[in-house]
Structures are given as C-alpha cells and as structure tokens.
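[1] The following block contains a protein sequence and its predicted model.
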Amino acid sequence: MTFKTGPVILLTLTFATAASALEPDEILVVSNRDIADSGRVARYYCKKRRVPDQNTLILSLGADLDQTIRREAYEKLLAEPIRRRLLSHEPLGKIRCLLTTYGVPIRVTGRGPLPEKQDSRRELSELAEQERRRIKQLEQEGPADSAQRRQHSRRLAQLQLEMDCIDGKQTSASVDSELSLVLFDDYELFRWQPNLLRNDAMGLRFRTLMVSRLDGPDCGIAMGLVDKAIAAEETGLKGIAYIDSRGIVRKDAYGHFDKSLRDLATLTQSQTRLSVREERTAQLFGPGSCPRTALYCGWYSLKKYIDAFDFVDGAIGYHIASFEAADLRDPNSSQWCASMLRDGVTATLGAAAEPYLHSFPQPKEFFMELYKGNCLVEAYYRTKPFNSWQLLLVGDPLYRPFKKDPEAK
C-alpha cells in the first residue's frame, strides 16, 4: 500500500488540525458487524458523546470473539476499508481519532519472512557464525581486550537483528497501534515506528491517527467506561492517587522509570488536590489497601494482579509491565488491564505482547498531560514513544478527568 499527499492538501490539513482539542465529530467509531455487542458499544458511545451517526464504520470481521487477526486479514478487512473511508469523505483529514470497540480484534500477527531477501539472509548467517567463532576464540585465549569482545558482540547483535527482520520476527503489533499509521506510505514492519505525535503540541503530524478502544472482559464493562468517564467529568475526579515505585536509584532504564514514578507523586501533589500515597519499596500495595483510588501507577508483579484498589468513577490505572493487555477479554485473567477493568477502572493502557520498557509512556509525562486538561487519547499520543508496536489504550478517548475538576490547582 502506498498513500501520497500533495503539498496543497498537506498545507490545508496542517492548519486545520494545529493546536485544536479533539472533538466528537473528529472521531470515527469502528465496530464489528458480525458481533452484535460490538455494534451496541459503538451506538452507545455515539449517543452518549454526540458523535455524528455518519462517523461510524461497520466492518465484517468475523463472528468469533477472536483477539487476534492475521496480517493479511487485517489489511483486507480492517486497514483498507478504514483507509478508503478516510480518503473518500470530505474534508480530508477531519478524522483525527479512531475508536475501536468490543469485538474488533486486539492483536495483528507478524508479516512472515521476506522471500526476496533469503540470499541476504544466508550471507548474514555466515557472517554471524564468523562472529560467534571469533568471540569464542577470544574467550579461550583468556584475559583479552574487553573492548574487542564488546565490538564483536555488538556486531553479532546487529547481524541477528537484520536476520530477525528478514525472518519476520517482532513484526506483530496491537491492532490499534498499527492503525495509527493506516494513512502512511509503506513503512518497514519490524519492531516499531516513531510516534510523530509525541511532544507535538501543535498537532502538525496530521497523518498519524490517535486510536483508543472501548473493550474489556464483557460488553457491559466496555460501555461502562463511557458512563464513568462522563460522571467524573461532571463532578471532577476525586479520591486518592496511589504511586508504586521501588526506590531504584541506578542510572539505567529501570532507575529512570522509577524516578519518573517518584516525580509523578510530587507532580500530583503540586498540580492537583488529590491525596497521594506512595509505596517506595519492593513491596506492592497489598490487597484491599487502596480505598477511593482515583489514580494508580506502578510496576512489577508480571501478569499477577493485586486486588488492592477500590476504583472511583473516572479512575485511571497504569501498570508498567509486559503482556498486561494480552488477554483483555478474558473474565478470569490475572493480567492487570483485564483485572482493573473488571474491578471498575475507567481507563487503562498496556501491552498486547512484549514491548520493552522504553516503549511505555513516562508516568510523569503521561499524567502531566492529563493534569493540563488534555483528553485521554491526546495525553497518550503526546507521550507514547512508538506506533506499529504493542501498546494499546482502553477508555473513552474524549475523557478529560481534570477539565472541570473543582479541586484542581
């Protein structure tokens, strides 16, 4: 697929989208024709948020409540119809956000090997074997130049990365993250692509679409996300912010993220009047220890939810760990996203597969965008590093938890 935009359209779209908050008529709601509950969620959202009836796209995606769609089917049944819709309706560029609903697949599989590059693959494999032999030889020779060993190890890692790309490894993604790039020219399907909306306060990267999802262990939970968001906007989000860091002070990625969590606690105290409670040790908040939870952000306890929280309407839960949105619709899942949705959270985000730590939004940056009054999906896309990768956002994209908060400073 190739999509090209002329300079006149580019100029028009740039000025049309710059520095404007997301509006209901800029959302396209996508549902699955073959699952009745998917349409129910879509119609409910349009009614509650006054999204125009014409801003819906009903696609036939299969009657099974599958969470995964194969890459070929994704392109044919989902991406291409969305692309046609966006390119055939005027004004071009009006839609800035897609909202996928319960019944729309969550994950898209990888693309498979590249047949035309198999000769290159064999050459790379031979070079990689040479590097392995050289590293082994250096180890057998005893104490040698560690810089030399590192050089060969880096070269081996680079060769392996190139082979993985040809083999089609690490080319799966969350459907929503892939849909962010549905209007782009052909791009490499390997690992991730930079999110051009990150730190783009003027909204100039018009081709990147923001994407959110109304989903969860059942249809009722998905629709309830809208009700709870609206209720919190009417009264202002009230309750307690629970921040779970671990006191890591190392100067590496883990130390950096842990500091971001501690900074988030300070920012929450200075930017809102929510009470803040912190857990700064290796322990997590214990079961039943977090009443009136308005915000939660923390990490560890991989795929093992701790039932600590009594979520208020409008609560946002962000758990930084791999795979926590892999089984989003499983009512018995112990993963954090599904479990928090089951327990009453209003919005959450997580990964459908291994994303690596650097793929997550920085906690202090993500929540600070919300504290500024931005809506949920804007805060997410202004702080998430990548698209065509593993993260997804669950919640009403228009939800502004602090827009009308009478206690906000």
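    Now that the structure is in, tell me what you want to look at.
[2] ok, and the closest non-adjacent residue to residue 35?
    In space, and not counting its chain neighbours, residue 35 is closest to residue 103: 3.7 Å by C-beta to C-beta, 6 or more residues apart in numbering. Yep, even glycine has a C-beta here, placed from its N, CA and C like the rest.
[3] what's the answer for residue 326, then?
    For residue 326, the closest residue by C-beta to C-beta, 6+ apart turns out to be residue 352, at 5.5 Å.
[4] Neighbours of the one you found, how many?
    Other residues lying near residue 352 total 28 when counted by other C-beta atoms under 10 Å.
[5] do the same with residue 138
    So residue 138, with other C-beta under 10 Å, has 17 neighbours.
[6] Got phi/psi on it?
    Dihedral angles of residue 138 (phi, psi; degrees, to the nearest 10) stand at phi -60, psi -40.
[7] Verify the stated contact: it with residue 150.
    No: in this structure residue 138 lies outside contact range of residue 150 using C-beta atoms under 8 Å: 10.4 Å.
[8] that older thread, thought the residue nearest to residue 35 was touching residue 65?
    Yes: assessed by C-beta under 8 Å, residue 103 is found in contact with residue 65 at 6.6 Å.
[9] For those two, indicate the residue with more neighbours.
    residue 103 (29 against 14).
[10] Now do that one against residue 216, distance only.
    12 Å (C-beta to C-beta, to the nearest Å).
[11] Then residue 302?
    20 Å.
[12] do the same with residue 129
    Distance from residue 129 to residue 216, by C-beta to C-beta: 48 Å.
[13] who's more crowded, those two?
    Using other C-beta under 10 Å, the more surrounded residue of residue 129 and residue 216 is residue 216, with 26 against 12.
[14] isn't the more buried one right next to residue 394, touching?
    Yes: taking contacts as C-beta under 8 Å, residue 216 lies within contact range of residue 394: 6.9 Å.
[15] and for these two, which residues touch both?
    225, 328, 341 (C-beta atoms under 8 Å, 6 or more residues apart in numbering).
[16] quick one: which of the residues you listed has the most company?
    Neighbour-wise, the shared contacts of residue 216 and residue 394 (other C-beta under 10 Å) top out at residue 341, 29 neighbours.
[17] Could you double-check that that one lies in contact with residue 349?
    No: using C-beta under 8 Å, residue 341 is not in contact with residue 349, being 11.4 Å away.
[18] Now the common contact residues for residue 103 and residue 65.
    Common contact partners of residue 103 and residue 65 (C-beta under 8 Å, 6+ apart): residue 35.
[19] Mark out where each domain of this protein begins and ends.
    Domain assignment for the chain, taken from automatic domain parsing, gives 7-110+175-194, 115-167, 221-394.
[20] Now do the shared contacts for residue 341 and residue 349.
    Joint contacts of residue 341 and residue 349 (C-beta under 8 Å, 6+ apart) are residue 394.
[21] thinking again about what came up before, I'd say the residue nearest to residue 326 and residue 394 touch.
    No: the pair residue 352 / residue 394 is not scored as a contact, 11.2 Å apart, by C-beta under 8 Å.
[22] residues shared between the contacts of these two?
    Shared contacts of residue 352 and residue 394, counting by C-beta under 8 Å, 6+ apart, come down to residue 325.
[23] ok, the closest residue in space to residue 102 that isn't next to it in sequence to residue 177 distance?
    Closest residue in space to residue 102, ignoring its immediate chain neighbours: residue 222 at 4.3 Å, by C-beta to C-beta, 6+ apart. Noted for residue 222: a distance of 19 Å to residue 177, by C-beta to C-beta.
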